[in-house]
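Trainee: structure for the following, please:
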Amino acid sequence: MDKKSSTMSHVAIVVILGLVLLQSAECRKIQEAVTYSAIACRKHSALLTDFGAVGDGKILNTKAFKAAVDKLSQYASDGGAQLIVPPGKWLTGSFNLTSHFTLFLHKDAVILASQEESQWPLLPPLPSYGQGRDAPGGRFSSLIFGTNLTDVVITGNNGTIDGQGAPWWDKFEKGLLNVTRPYLLEILFSNQIQISNLTFTNSPSWHIHPVYSSNITIQGITILAPVEVPNTDGINPDSCSQTRIEDCYIVSGDDCIAVKSGWDNYGIKFGMPMEHLVIRRLTCISPKSATVALGSEMSGGIRDVRVEDVTAINTESSIRIKTAVGRGAYVKDIFVRRMTLSTMKYVFWMTGAYGSHPSEGFDPKALPVIQNINYRDIVAKNVTHPGQLDGIANDPFKGICISNATITLTAKPKKVLWNCTDVEGITSNVTPKPCALLPEQQKPINCAFPEDKLAIEGVKLMTCSAASA
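Mentor: Sure, this is the predicted structure:
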């Protein structure tokens, strides 16, 4: 072989080796990427570590989170951006999100909330509440916060957001706070929001609070809180429209899901209802509260709520309606089916005397309207009290329908199995026999459940990818 041929052979070998190495690198890159489903994929991407973050659980990374979101917000009009949180423990204070943005937590990534109050900015009360829920003052910002946003995804490969709430719980119990404890995630005045495939745990108060927003998808969320800690609600959709909550597992010291829309005269004045909500495939454990609560803050109105395929274990009640004189507005067009309940204090629970008010200035003439409440296809075992339904004098709860409900009692049930006052409705194929105010129909019926789909149920998710660290 001449010198020229030998040189060309060496060049060919180098080129081939280069192509092999390049292909190997590309294959490795593809193998390391994680795919996920989202309402939108992003053109740009960055790792939290690109902004100096350290995942040792000790170094504070608030500045890194803020710098990352600020930098990536520049791509909002150019395909959007995602911030990838790699495995590690990332201690941080409160930070804000931006539009056309994805926050992605890898498996074994934990965002740890700082326990220093200085890391939580103070905010004014929500306009539909007039004051904080814990105290008359304002409130601390949530750990992850956003307002006036469009197209935001908070998701992951089952990463964790840990509120480290124990010091907050202690201060609350001792009456040491004059403002409301922070939540883990709060989104205000926003549209097209997805929260999925994450674990939220140990919030100082509520875990997830979308408020004054629309087109919200919450899927595959696990929420874990000590059952003895008050107000650690799981998911609280509040004055929102078109919301889908599905495939969630919640253990809570308060309501697993609480549906809200403002408080007394503040909520009446603000006038934004909670409407068009579907909840399905929920598993709840809450020994001191409800699987799904409607109220008690419902002064903007709650309507068109659809709940199906729910499991509750060792929980105080299933679907609980809470309201009071002074709330005004309405809870109406509520549809529930296919609940499986085990070890419950109540199956059906409604009260018109839930007496917390933001001030003494509430209007005693503002009476709530509770009507068209439908339950069907329910199996409940080990129940202490099948029904406690108490409306309001001269303002009865109307249009209650219960069908195909089989309730097995605990060894020591209440002597009076059904307590009903100021309610009107019907039942069909319900055992034990309900109260006289809910008479059995001579012909079997099925209580209503809508056949149409909400617009939010038609939202299609895309397959996106997030690179590994």
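
Trainee: find the nearest non-adjacent residue to Pro127, please.
Mentor: Spatial nearest neighbour of Pro127, chain neighbours left out: Phe270 (5.4 Å); criterion: CB to CB, 6 or more residues apart in numbering. (C-beta placed from N, C-alpha, C; glycine too.)

Trainee: the one you found reaches Glu297, doesn't it?
Mentor: No. Taking contacts as CB atoms under 8 Å, Phe270 lies outside contact range of Glu297: 11.1 Å.

Trainee: intersection of neighbour lists for those two?
Mentor: Common neighbours of Phe270 and Glu297 (criterion: CB atoms under 8 Å, 6 or more residues apart in numbering): Ser128, Gly262.

Trainee: which one of those two is surrounded by more residues?
Mentor: For Phe270 versus Glu297, the count of surrounding residues by other CB atoms under 10 Å is larger for Glu297: 29 against 19.

Trainee: ok, that one touching Trp263?
Mentor: Yes. Glu297 sits in contact with Trp263 when judged by CB under 8 Å, with a separation of 4.4 Å.

Trainee: what do those two both touch?
Mentor: Ser128, Tyr129.

Trainee: picking that back up, who's in contact with the residue nearest to Pro127?
Mentor: Pro127, Ser128, Ser239, Gly262, Gly300.

Trainee: ok, the second one to Asn236 distance?
Mentor: Put plainly, it is Ser128. 13 Å (CB to CB, to the nearest Å).

Trainee: one more: Asn158?
Mentor: Computed with CB to CB, the distance linking Asn158 and Asn236 is 22 Å.

Trainee: what do you get for Glu440?
Mentor: From Glu440 to Asn236 the distance is 36 Å (CB to CB).

Trainee: then Thr155?
Mentor: Counting by CB to CB - Thr155 and Asn236 are separated by 20 Å.

Trainee: and Asn382, by the same measure?
Mentor: Taken as CB to CB, the span from Asn382 to Asn236 is 28 Å.

Trainee: the two: which is more packed in?
Mentor: The residue with more neighbours, out of Asn382 and Asn236, is Asn236; 24 against 16, by other CB under 10 Å.

Trainee: wait, that one touches Ile257, no?
Mentor: Yes. Assessed by CB under 8 Å, Asn236 is found in contact with Ile257 at 7.3 Å.

Trainee: can you map out the strands along the stretch 101-250 of the chain?
Mentor: Applying DSSP state E, counting those that start in this stretch to the stretch 101-250 of the chain gives strands spanning 101-105, 109-113, 122-123, 139-140, 144-147, 150-156, 159-162, 185-188, 191-196, 198-201, 208-211, 214-219, 222-224, 241-251.

Trainee: in CSV, list those along with distance to Ser468 and mean neighbour count.
Mentor: Below are these laid out as CSV (distance: least, CB to CB, whole Å; neighbours: other CB atoms under 10 Å):
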stretch, distance to Ser468, mean neighbour count
strand 101-105, 11, 27
strand 109-113, 11, 24
strand 122-123, 36, 16
strand 139-140, 34, 24
strand 144-147, 22, 21
strand 150-156, 13, 23
strand 159-162, 13, 22
strand 185-188, 24, 24
strand 191-196, 19, 22
strand 198-201, 18, 22
strand 208-211, 27, 26
strand 214-219, 23, 21
strand 222-224, 22, 22
strand 241-251, 25, 22
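
Trainee: do you know which of these lies nearest Tyr354?
Mentor: Closest to Tyr354 of those is strand 208-211 (CB to CB; 19.5 Å).

Trainee: got the contact list for Pro273?
Mentor: Ser239, Ser241, Ser261, Gly300, Gly301, Ile302, Arg303, Ala329 are the contacts of Pro273 under CB under 8 Å, 6+ apart.

Trainee: typo on my end, it should be Val152
Mentor: Per CB under 8 Å, 6+ apart, neighbours of Val152: Leu97, Thr98, Ser99, His100, Phe101, Thr102, Gly146, Ile187, Ser190, Gln192, Ile193, Gln194.

Trainee: bridged to it, which residues?
Mentor: Under the criterion DSSP bridges, Val152 forms beta bridges with Phe101, Ile193.

Trainee: how near is it to Ser142?
Mentor: 14 Å.

Trainee: okay, now Asn61: neighbour count?
Mentor: Using other CB under 10 Å, Asn61 has 28 neighbouring residues.

Trainee: what's around Gly361, how many residues?
Mentor: Residues lying near Gly361 (other CB under 10 Å) number 10.

Trainee: how about the nearest residue to it, chain neighbours excluded?
Mentor: Nearest one to Gly361, counting by CB to CB, 6+ apart, is Asn265 at 6.7 Å.

Trainee: do I have it right that that neighbour meets Ser299?
Mentor: Yes. Between Asn265 and Ser299 a contact is recorded at 7.5 Å, counting by CB under 8 Å.

Trainee: give me the common contacts of these two.
Mentor: Taking CB under 8 Å, 6+ apart as the criterion, Asn265 and Ser299 both touch Ala366.

Trainee: between those two, which one's more packed in?
Mentor: Ser299 (34 against 20).

Trainee: and the more buried one, what does it touch?
Mentor: Neighbouring residues of Ser299 by CB under 8 Å, 6+ apart: 128, 261-268, 327-329, 366.

Trainee: doesn't it fall inside a helix?
Mentor: No. Read with DSSP: H, G, I helix; E, B strand; the rest coil, Ser299 is coil and lies in no helix.

Trainee: how about the nearest residue to it, chain neighbours excluded?
Mentor: Spatial nearest neighbour of Ser299, excluding adjacent residues (CB to CB, 6+ apart): Gly267 at 2.8 Å.

Trainee: and what about that neighbour, helix, strand or coil?
Mentor: Going by three-state DSSP: Gly267 is helix.

Trainee: number of nearby residues for it?
Mentor: Gly267 has 30 nearby residues by other CB under 10 Å.

Trainee: Ser468 and Val34 touch, don't they?
Mentor: Yes. Counting by CB under 8 Å, Val34 is a contact partner of Ser468 at 6.8 Å.

Trainee: find the residues that touch each one of these two.
Mentor: In contact with both Ser468 and Val34: His106, using CB under 8 Å, 6+ apart.

Trainee: quick check: mean pLDDT of stretch 442-462?
Mentor: In this model, stretch 442-462 has a mean pLDDT of 97.

Trainee: give me the buried positions along that stretch.
Mentor: Neighbour counts over stretch 442-462 (16 or more other CB atoms under 10 Å) mark Cys447, Ala448, Phe449, Leu454, Ile456 as buried.
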